[in-house]
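[1] Test case, fold it:
(one chain, ligands or ions: 1)
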Amino acid sequence: MCGIVGFYGPTTDRATEKLNLLLAKLQNRGPQGAGVVTYDHDGQIHELRGAGSVEAVFDGRNKLDNLPGYMGVGQVRYATFGYTIQPITWIQRGKQAALAHNGEFANAITLRKEAEEMWEYKFQSTSDTEVLIPYLMHSSKDTFRDALLDVLQNKIKGAYSMIILYDGKLYCVRDPHGFRPLALGISENASIVASESSAIEVLGGQYIGDVNPAQLIVIGPSGIIETVEWAEPKPKSCIFEHVYFANPDSYVGGINVSLARDFMGKLMFEEAGWIDADVIVPVLDSGLHAALGFYEATLRYAFQERKNPIPLKAGVHRSWFIGRSFQEGEQIAREILQRIKSNVIAAWVKDKRVIVIDDSLVRGTVMRIIVELMRIAGAREVHVIIPSPPPIAPCAYGIDTYEDELIAARLNGNVHEIQQFIGADSLRYLSLNALYQAVTESASPPVRTTANFCDACYTGQYPVPFEQDRSTKPRRQNMGTQA
Ligand code: SF4
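    Sure, this is the predicted structure:
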């Protein structure tokens, strides 16, 4: 998973200041690498990329001055395999271009071989994103816009939200399924593009909508200068964005993420029913919003049934200086980081029957550690609530998971065995139907249908065939080829 941003300001503006803030807000989408490319008044681009957080790459603010220009693109990324931090740059008909991509091309292997054979093209990286470039460079179309549309319509398949900087314009595009989000905003005289709407708000901007599936939006000095519907849209936006990835203060596809998670928690209570317990503890911070919904539902039930309400307490302390452990490449690194990141506060759980709520159970290792820490802290019982279904299949559209890492896939979806693996006294998941209800009814107005979402990691039903065998795909190392 990655986060991408684009900024087009007045010529007096310093894009790098804005890109820095936009990327910092999207750090949740990729803490292990960041890059920006800016474009100045002379048509020159300036680049900065590096491993680590946005703050580390920019060295606080010390490196901002090295990047003049009033417009630019950027990306944050998480570790997959290979080593490519974007934006990728190249020369397109004598002019410098830069590309930031979130997603994964489904036919990258075929296109790569074809480009090598047809043009003896020498790839600079193992990145799936780079396959786009030879096709743009060798296009017979007269303009960059037409070359891009030609490649989108006839070559590239899979998941992509992209922002391309070329010749003083930003080209913003989403694939026909719209797997990955891309929001549009305005701020005074500037145009902003970002994976999530909350990044736009960081700049004091206004979220005005999304780049729609199968849409190309071209941004110039006066804002949006062209909108092209280049294919029939077949929306399949990623439902996992609503469960885990997106910031809770974002709108994804017009749906507020916090509202949807709160609703997941309420529906979780409807499905799980009352559990005799002494305290509810959310796993911060992505489990918080669903835990609040669950807690509210238990309060209402307790009032109706004249039971003692179960208090909600911050029984797991979150260190805010550690990134999202799901995205750390190595298993051992994830486990150590998790112990530093989330510590159990014994004062809230000692001698108690505890309900622990997290947003999802992917590998199970995070929850296993938390349950263990609960036991060490003296909890009498630990009941785990997961207000989303168990992921049983790897993502082929930009989230780097492997089937043999998914606890529900490894244990054939056997909830009892998963419960034993994490060491809990009980384990409950939300059904897929309830997840859909939470997401679709949180839209305002609730117009979307379940058919508009990708749920392949929960069902194994992939909307777009992909050519790479996920079980033999190279494992992530430090930095990644997938966007
Ligand atoms: Fe999202 Fe899962 Fe579909 Fe990947 S497979 S795009 S994580 S819903």
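
[2] got the buried residues for stretch 301-313?
    Of the residues in stretch 301-313, those buried by neighbour count under the rule 16 or more other CB atoms under 10 Å are 301, 310, 312, 313. C-beta here means a position set from N, CA and C on the backbone, and glycine is covered the same way.

[3] Hmm, I typed the wrong one, I wanted stretch 185-195.
    Along stretch 185-195, these residues count as buried under the neighbour rule (16+ other CB under 10 Å): 185, 186, 187, 190, 191, 192, 193, 194, 195.

[4] what's the farthest-apart pair in the buried residues of stretch 301-313?
    Using CB to CB, the two most remote members of the buried residues of stretch 301-313 are 301 and 313, lying 18.5 Å apart.

[5] Show me the shaky parts of the stretch 201-350 of the chain.
    Counting by pLDDT under 70, the stretch 201-350 of the chain contains low-confidence residues at 320-341.

[6] Okay, strands next: where are they in it?
    Counting by DSSP state E, counting those that start in this stretch, the segments of the stretch 201-350 of the chain that form strands are 206-210, 215-220, 223-229, 237-238, 251-252, 255-256, 279-282, 316-318, 342-344.

[7] what's the helix or strand for residue 384?
    Under DSSP states H and E, the secondary-structure element containing residue 384 is strand 381-386.

[8] so what strands line up beside that strand?
    Using DSSP bridges, the strands paired with strand 381-386 are strand 353-357 (parallel), strand 426-429 (parallel).

[9] what distance separates the shortest one from the centre of its chain?
    On the basis of CA atoms, centre = their mean, to the nearest Å, strand 426-429 is displaced by 25 Å from the centre of the chain it belongs to.

[10] The following helix or strand past it and the ligand, are they touching?
    The first helix or strand that comes after strand 426-429 along the chain, using DSSP H and E, is helix 432-440. No - Helix 432-440 lies apart from the ligand when judged by CB under 6 Å from any ligand atom; the minimum separation is 10.4 Å.

[11] For the next helix or strand after helix 432-440, name the packing helices and strands.
    Next in sequence after helix 432-440, counting helices and strands by DSSP H and E, comes strand 453-454. Under the contact criterion of 3 or more CB pairs under 8 Å, 6 or more residues apart in numbering; DSSP states H and E, the helices and strands touching strand 453-454 comprise strand 237-238.

[12] Check whether the helix or strand following the strand it packs on comes near the ligand.
    Per DSSP H and E, strand 237-238 leads on to helix 240 as the next helix or strand towards the C-terminus. Yes - judged by CB under 6 Å from any ligand atom, helix 240 comes into contact with the ligand through residue 240.

[13] what helix or strand is residue 163 on?
    Using DSSP H and E, the element containing residue 163 is strand 158-166.

[14] Keep the buried residues of stretch 185-195, but drop any that are not near the ligand.
    Taking CB under 6 Å from any ligand atom, there is no overlap between the buried residues of stretch 185-195 and the neighbourhood of the ligand.

[15] which one among these gets closest to the ligand?
    Here the nearest of those to the ligand, counting by CB to the nearest ligand atom, is residue 195; it sits at 13.5 Å.

[16] Which residue is the nearest non-sequential neighbour of the closest one?
    residue 3 (4.4 Å; CB to CB, 6 or more residues apart in numbering).

[17] helix, strand or coil for that neighbour?
    Under DSSP: H, G, I helix; E, B strand; the rest coil, the three-state class of residue 3 is strand.

[18] out of the buried residues of stretch 301-313, who's nearest the ligand?
    Ranking the buried residues of stretch 301-313 by separation from the ligand, with CB to the nearest ligand atom as the measure, puts residue 312 on top at 28.6 Å.

[19] could you measure that closest one against residue 280, distance?
    Taking CB to CB, to the nearest Å as the measure, residue 312 falls 5 Å from residue 280.

[20] list residues touching both of these two?
    Residues within reach of residue 312 and of residue 280 at once, by CB atoms under 8 Å, 6 or more residues apart in numbering, are 291, 295.

[21] could the strands of the stretch 201-350 of the chain be laid out in TSV, adding distance to the ligand and mean neighbour count?
    Output for the strands of the stretch 201-350 of the chain, formatted as TSV (distance: least, CB to the nearest ligand atom, whole Å; neighbours: other CB atoms under 10 Å):
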stretch	distance to the ligand	mean neighbour count
strand 206-210	16	16
strand 215-220	19	20
strand 223-229	22	13
strand 237-238	3	26
strand 251-252	11	24
strand 255-256	14	20
strand 279-282	22	24
strand 316-318	24	18
strand 342-344	23	20
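
[22] So which of the ones you listed is nearest residue 102?
    For residue 102, the closest of the strands of the stretch 201-350 of the chain is strand 237-238, at 10.4 Å, according to CB to CB.

[23] distance between the closest one and the chain's centre?
    How far strand 237-238 lies from its chain's middle: 10 Å, per CA atoms, centre = their mean.

[24] which helices and strands does that strand pack with?
    Packed against strand 237-238 by the contact rule (3+ CB pairs under 8 Å, 6+ apart) you find strand 453-454.

[25] Show me what the strand it packs on pairs with in its sheet, parallel or antiparallel.
    Counting by DSSP bridges, the strands paired with strand 453-454 are strand 237-238 (parallel).

[26] So residue 429 is in contact with residue 392, correct?
    No - the pair formed by residue 429 and residue 392 falls short of the contact definition of CB atoms under 8 Å, at 11.2 Å.

[27] What parts of the stretch 101-250 of the chain come near the ligand?
    With the criterion set to CB under 6 Å from any ligand atom, the stretch 101-250 of the chain comes near the ligand through 179, 238, 239, 240.

[28] closest point of the stretch 51-200 of the chain to the ligand, which residue?
    residue 179 (4.9 Å).

[29] Neighbours of that residue, how many?
    Other residues near residue 179 number 30, with proximity taken as other CB atoms under 10 Å.

[30] ok, it - contacts?
    By CB under 8 Å, 6+ apart, the residues touching residue 179 are 103, 159, 160, 161, 236, 237, 238, 397, 398, 454.

[31] mind running it again at 6 Å?
    Listed by CB atoms under 6 Å, 6 or more residues apart in numbering, the contact partners of residue 179 are 159, 238, 397, 454.

[32] Hmm, residue 164 is touching residue 171, no?
    Yes - Residue 164 sits in contact with residue 171 when judged by CB atoms under 6 Å, with a separation of 4.3 Å.

[33] any common contacting residues for those two?
    Common contacts of residue 164 and residue 171 (CB under 6 Å, 6+ apart): none found.

[34] So which other helices or strands are in contact with the longest helix along the chain?
    For the chain, the helix with the greatest residue count under DSSP state H is helix 288-305. Under the contact criterion of 3 or more CB pairs under 6 Å, 6 or more residues apart in numbering; DSSP states H and E, helix 288-305 touches helix 257-272, strand 279-282.
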